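Asker: Whatever this is, show me its structure:
(4 chains)
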Number of protein chains: 2
Amino acid sequence: MSDARDGSSRSSSVKDVAVLAGVSLGTVSNVLNRPDRVSAATRTRVERAMAELGFVRNESARQLRAGRSRTIGYVMLDATNPFFTDVAQGMEHVAEDHDLSLFLCNSDNRASREAAHLAHLQEQRVQGILVTPIDPDSSGLTDLAARGTPLVIVDRTRPGAAFCTVSVDDVLGGRLAIDHLIDRGHHRVAFVGGPDSLGQVRERLEGARQAWRDAGLPDDDLVVVPTTALSVAEGRAAGERLAGLPARRRPTAVFCANDLVALGLLQQATSAGVQVPHDLAIVGFDDIDFAAAAAVPLTSVRQPRAELGRTAARLLLAEADDPDHVHEQVVFDPELVARRSTLG
Amino acid sequence: MSDARDGSSRSSSVKDVAVLAGVSLGTVSNVLNRPDRVSAATRTRVERAMAELGFVRNESARQLRAGRSRTIGYVMLDATNPFFTDVAQGMEHVAEDHDLSLFLCNSDNRASREAAHLAHLQEQRVQGILVTPIDPDSSGLTDLAARGTPLVIVDRTRPGAAFCTVSVDDVLGGRLAIDHLIDRGHHRVAFVGGPDSLGQVRERLEGARQAWRDAGLPDDDLVVVPTTALSVAEGRAAGERLAGLPARRRPTAVFCANDLVALGLLQQATSAGVQVPHDLAIVGFDDIDFAAAAAVPLTSVRQPRAELGRTAARLLLAEADDPDHVHEQVVFDPELVARRSTLG
DNA sequence: ATCCGGGATTGAAAGGTTTCAATTCGATGG
DNA sequence: CCATCGAATTGAAACCTTTCAATCCCGGAT
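Answerer: Model (predicted):
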């Protein structure tokens, strides 16, 4: 096989292929885009020429003329959080089915990165953008959608529906967690999570409170232990704070706003000799794979992560295909997965 | 602020901006690319027009003409493995410094996805491609590089250096792990990992064997427990197999080929009532964040993940800027991080 | 009053592909 | 043998931006 032989750096174009194959530009393009309209003989001739020249279609030119790109983008909030990579996995499958490429961008929780990625994707004229935004109420998102780029918000909601939204009912999630703990006989429970600038945290706590009240338990016995972030380190720190409580105030169970916090708490408990679940039951949220893999497998509120991603991607493509499409707000129900950390 | 007003779907172009601002095409382009060559007055006029029309530069057209793209891509082996997301994080920082966008693609361990992503990136004429390939010896990679796309292989090596390569000395990593266990007084140790079609697994085991022999210990006392993948589930399964060994053959310590396996093993041990590290010491590999966050914090061989990514990205950009650049094979030394799972 | 220099602006070409109306060619039917 | 039809192929326009040589214009020097 002779490959890119020329010393000249220019990669070969349709024109080069056409010349080598002895056909016109248009025919080469047809081979590329509607092979059925080309006779078998010329088709193979052209394909041979392409192989010989190492021809690679220039997507910029294609897109410029065709007006349509073959990619969608997902701007994720934190690529190192398994939750989001699982969501992305779901999107990837849908993209694959539609012969699209999914480009992942990590905003790393920084507004400047998010903006840069969004701008770049928009300049690329991607078919659409999926985003888990730092601030779902930011005007940047509205502007983007107003300019005509299909946009779907993932794992966040936004009241005034200027675009599609896919999220999980966090209030229900909170209820499930607390109901489960009450079922297991706990009457003094802590909620660990923060900051409450995060809608998720507020709603999960809200759900917890509802369930608590519905069970007729006194407000005071649902202790809130705030954290500054939803991280393992904060979970550890919260564990130490809990351990410092006077025994009669100390909860027998904890509901953590996410699994990272729960894992941190579990670690602290283990190293302090607190037996989980005997001395302390723990419920997490998200049900990331590491929750099931923990030394004491973690009970957690599972979000349909991949499904979240798949649905978001489908909505996006629907919007991209149908200009006057009506925005949908899809809300999934989470589900409690009981494991050893609350079962004894 | 008046935004995209037109009912027509066409997004506005430089030409529209030029007309509205009452200047020529070239001037608009200058405002975009060399603002200093434009008088302040016209510049603001043009900028106002852009804002009014909601102008977004068409990157395809820009790239087609300018010939250069502003993005690089990383085709990662498994986006759900924290190791790779950390590597990506390192790349992201370098990209950011150079005002480039990093697009992440997940091949999800499937050759077909990898090929599709590589092809698509190449068609996009990205500045360069970073890849952790399924098979570093695949000819597809050589072809790609031969066609002129700068390419850097990450976390894998390849003998015949047709491109840059950034990896970690896995043999040394294996030695470090075993040396540490020997130091801690263990004379019967298991290596858990597989399949050995993975170069990493082979080399880590090789390092382990070297260290074992160098210490003058009998080959038979380094037991190999093969797994079919480097996953948590396989770690658990391996744990059960170990527990089934006759007591005098049972190792007092285990070196796992990666942290996922180690976490699985830790979980199995905990649930079987085996005390870590007292009854069984465990060493992992990679030092992912979850290793430190485990109930019993895991001793692990740390790879400089972010540094790996940064270096790879730098090499890539160096190659992209300098056509006759010589390929480098960078190998980093790993480092042992001792934690509770081997300290008593 | 004339010329000159230089900053600001212009206009047209170029870049690689797709699209589509137009053309060619061979075959079919009369 | 001609007219017709359809399949295969062609050629030029269009997509939007950047580039660069050419032009314009203004103030300052002669």
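Asker: who does the one helix or strand residue A:239 maps to touch, helix- and strand-wise?
Answerer: Assigned by DSSP states H and E, residue A:239 belongs to helix A:232-243. In terms of contacts (3 or more CB pairs under 8 Å, 6 or more residues apart in numbering or on different chains; DSSP states H and E), helix A:232-243 is packed against strand A:189-193, strand A:222-226, helix A:259-271. For every residue, glycine as well, the C-beta is placed using N, CA and C.
Asker: Remind me what the last one packs against, helices and strands.
Answerer: Read that as helix A:259-271. Using 3+ CB pairs under 8 Å, 6+ apart: helix A:259-271 touches strand A:189-193, helix A:232-243, strand A:253-256, strand A:281-286, helix A:289-292.
Asker: now swap in the second one and tell me
Answerer: Using 3+ CB pairs under 8 Å, 6+ apart, the elements in contact with strand A:222-226 are strand A:189-193, helix A:199-214, helix A:232-243.
Asker: Could you rerun that using 6 Å?
Answerer: Other elements packing on strand A:222-226 under the criterion 3 or more CB pairs under 6 Å, 6 or more residues apart in numbering or on different chains; DSSP states H and E are strand A:189-193.
Asker: Residues contacting the strand it packs on, please?
Answerer: A:181, A:201, A:205, A:208, A:222-225, A:227, A:238, A:251, A:253-257, A:261 (CB atoms under 6 Å, 6 or more residues apart in numbering or on different chains).
Asker: mind redoing it with 8 Å?
Answerer: With contacts defined as CB atoms under 8 Å, 6 or more residues apart in numbering or on different chains, strand A:189-193 is touched by A:178, A:181, A:201, A:204-205, A:208, A:212, A:221-227, A:230, A:235, A:238, A:242, A:251-258, A:261, A:265.
Asker: now swap in stretch A:149-163 and tell me
Answerer: A:74, A:84, A:87, A:121-122, A:126-133, A:136-137, A:141-142, A:144-146, A:164-168, A:199, A:308-309, A:312-313, A:315-316, A:319-320, A:327, A:329, A:331.
Asker: rerun that using 7 Å as the cut-off
Answerer: For stretch A:149-163, the external contacting residues (CB atoms under 7 Å, 6 or more residues apart in numbering or on different chains) are A:87, A:122, A:127-133, A:136-137, A:141-142, A:144-145, A:164-167, A:199, A:308, A:312, A:315-316, A:319-320, A:327, A:329.
Asker: before we move on, back to that, adding mean pLDDT and distance to residue B:69 as columns, could you present the helices and strands packed on helix A:259-271 in JSON lines?
Answerer: Listed next are the helices and strands packed on helix A:259-271 as JSON lines, based on pLDDT from 0 to 100; distance: least, CB to CB, whole Å:
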{"stretch": "strand A:189-193", "mean pLDDT": "98", "distance to residue B:69": "42"}
{"stretch": "helix A:232-243", "mean pLDDT": "96", "distance to residue B:69": "38"}
{"stretch": "strand A:253-256", "mean pLDDT": "98", "distance to residue B:69": "43"}
{"stretch": "strand A:281-286", "mean pLDDT": "98", "distance to residue B:69": "36"}
{"stretch": "helix A:289-292", "mean pLDDT": "93", "distance to residue B:69": "35"}
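Asker: Rebuild the ones you listed as TSV, extending it with distance to DNA strand C and mean neighbour count.
Answerer: TSV is the format used below for the helices and strands packed on helix A:259-271 (distance: least, CB to the nearest atom of the strand, whole Å; neighbours: other CB atoms under 10 Å in any protein chain shown):
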stretch	distance to DNA strand C	mean neighbour count
strand A:189-193	51	26
helix A:232-243	48	20
strand A:253-256	51	30
strand A:281-286	42	30
helix A:289-292	41	22
